[in-house]
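Participant: I'd like to go over a predicted model; first the sequence, then the structure.
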Amino acid sequence: MHLDTLQHLLQRARDFPLAGLRLVDRAERETFHSWAAIAERSTFVAGALAEIGIRPGERVGLIYPTSAEFFDAFFGTLLAGAVPVPLYPPVRLGRLAEYHQRTAAMLTAAGARLLLADARVRALLGETLAAAKLALGGRTLAELPRRAELASDGAPGDLAMVQFSSGTTVEPKPVALTQAAVLAQVRALNGLWPVGERGPGEVTGVSWLPLYHDMGLIGCVFPALERPSVLTLVPPEAFVARPALWLRALGRHRGTISPAPNFAYALATERVRDEEMDGIDLSAWRFALCGAETVVPEVLRAFAARFARWGFRAEALKPVYGLSEAALAVTFADLERPYVVGAFDRGALADRGEAIAAAALPAGGAGERPVEIVSVGRPLAGFRLELRDERGAVVTENRVGRLFVAGPSLMRGYLDQPAATAATLKDGWLDTGDLGFLHHGELFLTGRAKEILVVRGRNYAPADLELAVAHLPDVRQGCVAAASHLPPGRETEAVVLFVEHGKGVPAERFAALRSRAREAVLARVGLAVDAVEVLAPGTLPRTSSGKIRRGEAMQRHLTGTLTPPSPTGPLRLVGALVRSRLAHWQAGKAGKAGRTER
């Protein structure tokens, strides 16, 4: 059998009854779903989709929590010859109006004809469906006809999925990934892990990452299917509510690989209690990957120190870099040695874009506190990197440039967006929009090009300012954003720091918080910010993967629309369900009228 599509991998995995997915709920109850069982159920979903009119190449939106139904719907769509489009479920009840608008826009951008959703989620999606006007509406798997089975093999050049970009600086774009690109990424990842005498089963993955995100689906699920092996999945909402579930699952199942963004390591360090770790041994965890957002050295050190007593080793931490447009990973830290943190002269980096190791500075040099940056390693097999200046010329080592990448898993393009594709992909190179430099052959990132703060000719990375205040008293963990704008009549940019306060912090402490924030930024980066805005929890806009949208925060601030989410509670949920049901009814009525007219 050729193994050049995800469908082929799923069919092959039927021969491995002990391989599959282990789903963990909030009470730590576990259910196992073999790949064989998922494959069988998916063929019925595929047949049902063909029965209701889904044709090969058409797109199907998927909105599910971490569940067996997600996999039945995802692979069922593929086996029908169609293209799955995973989207995030509504998680912030106080932002439902915003969710409906964004999700409808993504369904439209993907050209979806149908939305499949979890029954509980679908109950809230009436307004989304009314705005998206999908040809076949929205259904649950239980509402599909159960008749013939179908199992299309697909081809390497077919689309495997549409993955939306994170959208930190622009609206999320539909990233079209072929079967060949996805499998190239999966095989490059699986090729990294050393395999012992017991074979691929020795590699044991644990993940709490969302399935609508490339790091969770392409980085965790598909490699487990390709090996094939068992992957343990904790729902992301369960992890956020109780981070210990992640570490406890790793300990119970002797997990060897588990990736997470920087904030997850910080959250676990802060919120996991000693008693929750009783009997847990993390010594098998060899590859604690850290990516998807800025990797903070203080966070890595704190996590390693906090969990050393339960067998966690600091050398297991492996910073990585990737993006949706590359199907996921681009660079990896060296798996055989501890992660690398470089200390660089802040002034040279900010003023001239030159990376000078702080240890090499002459006595009495710049006098500023060095900036620490974590290396995200070297290119994954088959990938190439170039750092280019504003004219497009490749810069030398230790010079900051714009990062371009080439490799086997790059996207075909942004779906049905030729202009955006042409602006990002050229001659086989992808413009990532990220800035960084090479130092001893390793990649160090300095920020997003569109988010760099330029004040009186000096460049400042927003993350550097945000880290200065991240651990101040009364600041909500991971909820700080730095952005700038040019006020009328002023020649230099004004820098504003947006800081969400912790729950229950009284207003009389806001003034002191502003003062501490100003002092902390001045001490760390030598910049006097123009304003510190203290915000209620949940006010900062975020992407589907949880990253703060700095530019949008500033835009809302300037237009007076940077407001906290509406209060949530049983009455608001009832109201949302009523509005959704009404929208479902109106959409159904309109659909019947349309069919009658035809």
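Facilitator: That came through, no problem. Numbering: from 1, shown residues only.
Participant: P297 against E372, yeah?
Facilitator: Yes. Here P297 lies in contact with E372, judged by CB atoms under 8 Å, at a distance of 4.9 Å. Yep, even glycine has a C-beta here, placed from its N, CA and C like the rest.
Participant: what touches both of the two?
Facilitator: Taking CB atoms under 8 Å, 6 or more residues apart in numbering as the contact rule, P297 and E372 both touch V341.
Participant: quick one, domains of this structure?
Facilitator: 1-178+567-598, 341-451, 453-559 (automatic domain parsing).
Participant: adding mean pLDDT, write those out as CSV.
Facilitator: Listed next are the domains of the chain as CSV, based on pLDDT from 0 to 100:
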stretch, mean pLDDT
domain 1-178+567-598, 86
domain 341-451, 90
domain 453-559, 88
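Participant: format the ones you listed as CSV; extra columns: mean neighbour count and distance to G311.
Facilitator: As requested, these are exported to CSV (neighbours: other CB atoms under 10 Å; distance: least, CB to CB, whole Å):
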stretch, mean neighbour count, distance to G311
domain 1-178+567-598, 18, 20
domain 341-451, 17, 23
domain 453-559, 18, 25
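Participant: save those as JSON lines, and put in distance to A292 too.
Facilitator: Conversion of the domains of the chain to JSON lines gives the following (distance: least, CB to CB, whole Å):
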{"stretch": "domain 1-178+567-598", "distance to A292": "8"}
{"stretch": "domain 341-451", "distance to A292": "11"}
{"stretch": "domain 453-559", "distance to A292": "7"}
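Participant: and the ones you listed: which comes nearest E226?
Facilitator: domain 1-178+567-598 (5.5 Å; CB to CB).
Participant: how far off centre is the closest one?
Facilitator: Centroid separation for domain 1-178+567-598 versus its chain: 18 Å, with CA atoms, centre = their mean, to the nearest Å.
Participant: can you start the count at 39 instead of 1 from here on
Facilitator: Fine by me, first position is 39 from now on; the one you just mentioned is domain 39-216+605-636.
Participant: mind listing the strands for the stretch 39-188 of the chain?
Facilitator: With DSSP state E, counting those that start in this stretch applied, the stretch 39-188 of the chain shows strands at 58-62, 68-72, 97-101, 121-125, 150-155, 176-177, listed in chain order.
Participant: ok, then the element right after the shortest one?
Facilitator: Pointing back at strand 176-177 there. strand 197-202 (DSSP states H and E).
Participant: can you show me the CA trace of that next one as CSV?
Facilitator: In CSV, the C-alpha atoms belonging to strand 197-202 read as follows (Å, rounded to 0.1, in the frame of the first residue of the first chain):
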residue,chain,number,x,y,z
LEU,A,197,-5.7,19.3,-0.1
ALA,A,198,-5.5,17.5,3.3
MET,A,199,-7.0,20.4,5.3
VAL,A,200,-7.4,24.1,5.5
GLN,A,201,-5.7,25.5,8.6
PHE,A,202,-6.3,29.1,9.6
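Participant: the helix or strand that comes right after that strand pairs with which strands?
Facilitator: Heading C-terminal from strand 197-202, the first helix or strand you meet, by DSSP H and E, is strand 212-216. Using DSSP bridges, strand 212-216 pairs in its sheet with strand 197-202 (antiparallel), strand 451-452 (antiparallel).
Participant: report the mean confidence score over whatever helix or strand comes next after strand 212-216.
Facilitator: Downstream of strand 212-216, the next assigned helix or strand under DSSP H and E is helix 217-228. Helix 217-228 shows a mean pLDDT of 96.
Participant: and helix 217-228 with strand 212-216, angle?
Facilitator: Interaxial angle, helix 217-228 versus strand 212-216 (axes from the mean of the first three to the mean of the last three CA atoms, to 10 degrees): 80 degrees.
Participant: which neighbouring elements make contact with the next helix or strand after helix 217-228?
Facilitator: Downstream of helix 217-228, the first helix or strand assigned by DSSP H and E is strand 243-245. Applying 3 or more CB pairs under 8 Å, 6 or more residues apart in numbering; DSSP states H and E, we find strand 243-245 packed against strand 268-271, helix 282-290, strand 295-298.
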